[in-house]
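Asks: here is a sequence with its predicted model. Questions after.
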Amino acid sequence: MDTSTLAVQEKKRVALVSIGAAVVLVSLKVFLSVRTGSLGILSEALHSSLDLLAAILTYLSVRISDKPADADHTYGHAKFESVSAFVETALLLMTAVYIIWEAIQRLLFKQSPVYPSLLAIVLLALMIGIDWTRARRISSVAHQYPSEALEADALHFSTDVWSTSVVLFGIIAVWLGQSFNIPWLRFTDPLAALAVAGVIIWVGARMGRRTLEALLDVAPKGLQGRILAAAQKVEGVLGVDRVRLRRAGQRYFVDVTISVPRTTSLEEAHATSDRVERRIAEIVPADVVVHMEPRARSGENFLETIRATAQRRGLAVHELSAHQIDGRLFVELHLEVDERSSLREAHQLATALEQDLLRQAAGAHINIHIEPLGTHIPGGEEMKDLAVRVRDFINNLAAEFHELTDCHDVHVRFVEHKILVSCHCAMDGSLPITQVHDVTAALEDRVKEHFPQIYRLTIHPEPLDET
């Protein structure tokens, strides 16, 4: 059985036990209020009657709130617990108003006889024990499996301990007043009722404020700042533009808008989003939605600007280069277009890209080489004899190119009437990549000069210790 199923069953079980206890307490208090005529016990009977209704609402809310999200409730049903707790608060406050009214009437305008007894005292003490036991049990489950409804129920029954204790004190005082002929002690019963009303109002106000905050999606103090600070530290995040959150039951729903470098690929952006979600989940149990905004990083160079501009138009570019000559910027790049495009269509794409770049670098000279973007994989054949000759030729160049240690893994293929060559060249791993690139370019030129039939040579450089 998984944890979520166990939590639901435990919450339902404790809610049912609460209903059973509430039925017992209401029955005993109604019996005692009729037997003794005590306003304090009557107020407790009314209080417990509402507790019974609250316990029933709690059970129903637990059953409904743990239902999974559906087409009509895309965020789930957990808000029902907050609604249940709000209804319970309203009922508590209505009860308190009635008790205060009746207590004032008995204190100032009318006398109602009270008939205390040892049985009433014993039963009230027993009720205190029942309230204390179930309050502890419900509170334990409410904290173990966070539930607003169960927490509200636990608050009810914990205050019942104090309110019933006050009523017990009032009944004992009235009993002592009648036994030792002390008339003024009869006022302790309505005063006890007022104390119960005060406790109800205090608890109801606390619970009502928390419930209203949940219904109005008030974020816990400081949580938004913690999430924002944590998201800003995630690798790949340039900044956090907005954090919004709301709570439903024990889960939070968090919406985060972050900025990522505009040259970031879709895969990289998704990986950044996953890191943000995991980091927030470490702070609070949440369903996280991350929205990403592309943004130029601070100090972005013009080559990155070119890539970002092409990406925005959905174009693939490579072989980027830029040079400053006599104060003028010269830019060259290769643009890949659909191989089914006509020259006119391809040129229109290149012109649009060029105009975008000129808006960002006015006066620059931009030359765009257009080539087809391959979409199919043709067949071919291996030319093993030529591969051996190419390998030997490159290895013989080691005396001329001291960076070159070894050429291996040479493959020569005849594809669509063209000879294509690829090979691996081992070099010192500490060499700067710019120097390595110059060496591989020179090697390609020498090979194609010696073997003019070769259409393209691709050299893969690798560190000597990884060959």
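Replies: Noted; the coordinates are in hand.

Asks: hang on, residue 311 packs against residue 266?
Replies: No - checked against Cβ atoms under 8 Å, the pair residue 311 and residue 266 is beyond contact range at 9.7 Å. No exception for glycine: its C-beta is placed from N, CA and C like everyone else's.

Asks: tell me the SS of residue 426?
Replies: Classification of residue 426 by DSSP: H, G, I helix; E, B strand; the rest coil places it in strand.

Asks: that one: neighbour count?
Replies: 19 (other Cβ atoms under 10 Å).

Asks: what does residue 259 give?
Replies: Counted by other Cβ under 10 Å, the residues lying close to residue 259 total 16.

Asks: phi, psi for the residue lying farthest from the centre of the chain please.
Replies: Computed with Cα atoms, centre = their mean, the residue of the chain farthest from its C-alpha average is residue 181, at 67.5 Å. Phi and psi for residue 181, reported as degrees, to the nearest 10, are phi 60, psi 60.

Asks: then residue 406?
Replies: The phi and psi values for residue 406, taken as degrees, to the nearest 10, are phi -160, psi 140.

Asks: quick one: contacts for it?
Replies: 395, 398, 425, 426, 464, 467 (Cβ atoms under 8 Å, 6 or more residues apart in numbering).

Asks: residue 328 too?
Replies: Remark: with contacts taken as Cβ under 8 Å, 6+ apart, residue 328 is in contact with 363, 364, 365.

Asks: please name the nearest non-neighbouring residue to the first one.
Replies: Taking Cβ to Cβ, 6 or more residues apart in numbering, and ignoring the residues beside it in sequence, residue 363 has residue 328 as its nearest neighbour in space, at 6.7 Å.

Asks: helices and strands around the longest helix along the chain, which ones?
Replies: With residue count as the measure and DSSP state H as the assignment, the chain has helix 3-36 as its longest helix. Packing partners of helix 3-36 (3 or more Cβ pairs under 8 Å, 6 or more residues apart in numbering; DSSP states H and E): helix 39-65, helix 118-144, helix 148-179.

Asks: what's the closest of those to residue 21?
Replies: With Cβ to Cβ, the closest approach to residue 21 among the helices and strands packed on helix 3-36 belongs to helix 118-144: 4.8 Å.

Asks: show me what counts as buried in that closest one.
Replies: Within helix 118-144, the residues that count as buried by 16 or more other Cβ atoms under 10 Å are 120, 123-124, 127-128, 130-132, 134-135, 137-139, 141-142.

Asks: all strands of the protein, in order?
Replies: Secondary structure of the chain (DSSP state E): strands located at 239-248, 251-261, 286-295, 316-325, 328-338, 365-373, 381-382, 404-415, 418-427, 454-463.

Asks: how about CSV for those strands, with mean pLDDT and distance to residue 219 added?
Replies: What follows is the strands of the chain, written out as CSV (pLDDT from 0 to 100; distance: least, Cβ to Cβ, whole Å):
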stretch, mean pLDDT, distance to residue 219
strand 239-248, 86, 5
strand 251-261, 88, 9
strand 286-295, 89, 12
strand 316-325, 87, 43
strand 328-338, 89, 48
strand 365-373, 89, 48
strand 381-382, 92, 65
strand 404-415, 94, 59
strand 418-427, 94, 56
strand 454-463, 94, 51
